[in-house]
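> The following block contains a protein sequence and its predicted model.
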Amino acid sequence: MLFKLTIISAFGSALGAEVRYFISRYPRFEKLFAFSLATIMINISGSFILGIILDIPLSIEWKSFLGSGIIGGLTTFSTLILETVSLSAKTNKRRSIAYLFISIVLSLIAFEFGWQLG
């Protein structure tokens, strides 16, 4: 069963990563916001969807495919950290800390909202 769940999750992760790559290729609006709007929106919406997935009655296979797989591949903590450090180097520390704080807080709120809806 563990091997089956691993394969299911890996397939979902590949799909999620491709969706993230496609979304991140769109204009980033950095001149307007000085940060990547794509990453923050991916992480917030992914947190919301994960909250829904975890609370609805699905089989363990579907939860692995959708949650660990697609949403795990879609959202990205490492990109958030890289963009926070890059923003700090390009602008100022306050803006980078605000970006990190907003990303985490809004993702937590979105997850809770999704969980309550699920």
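That came through, no problem.

> which ones are touching Val105?
Val105 makes no contacts at all, as judged by Cβ atoms under 8 Å, 6 or more residues apart in numbering. Using the backbone N, CA and C atoms, a C-beta is placed for each residue, glycine as well.

> Just give the number of residues close to the spatially closest residue to Phe113 that is not a sequence neighbour.
Leaving out its chain neighbours, the residue that sits closest to Phe113 by Cβ to Cβ, 6 or more residues apart in numbering is Phe48, at 6.2 Å. Residues contacting Phe48 under the criterion other Cβ atoms under 10 Å number 22.

> what's near enough to touch Phe48?
Phe48 touches 110-111, 113-114, counting by Cβ under 8 Å, 6+ apart.

> so where is this structure shaky, pLDDT-wise?
27-34 (pLDDT under 70).

> hmm, 80 instead?
25-36 (pLDDT under 80).

> can you tell me which helix in it is longest?
helix 93-117 (DSSP state H).

> Could you check how far Leu74 is from Asn43?
9 Å (Cβ to Cβ, to the nearest Å).

> same check, this time on Leu82
13 Å.

> what's the answer for Leu100, then?
For Leu100, the distance to Asn43 - Cβ to Cβ - is 11 Å.

> more neighbours, the two?
Asn43 (22 against 18).

> ok, Ala10 touching Ile70?
No: assessed by Cβ atoms under 8 Å, Ala10 is found out of contact with Ile70, at 11.1 Å.

> Looking at these two, which is more packed in?
Neighbour comparison, Ala10 and Ile70: the larger count goes to Ile70, with 25 against 15 (by other Cβ under 10 Å).

> Contacts only, for that one.
12-13, 15-16, 19.

> Nearest to Leu37 among those residues?
Checking those against Leu37 by Cβ to Cβ gives Val19 as the nearest, at 16.0 Å.

> ok, now which ones touch the closest one?
Val19 neighbours (Cβ under 8 Å, 6+ apart): 70, 73-74.

> Show me the residues you listed that map onto strands.
Using DSSP state E, no member of the contacts of Val19 sits in strands.
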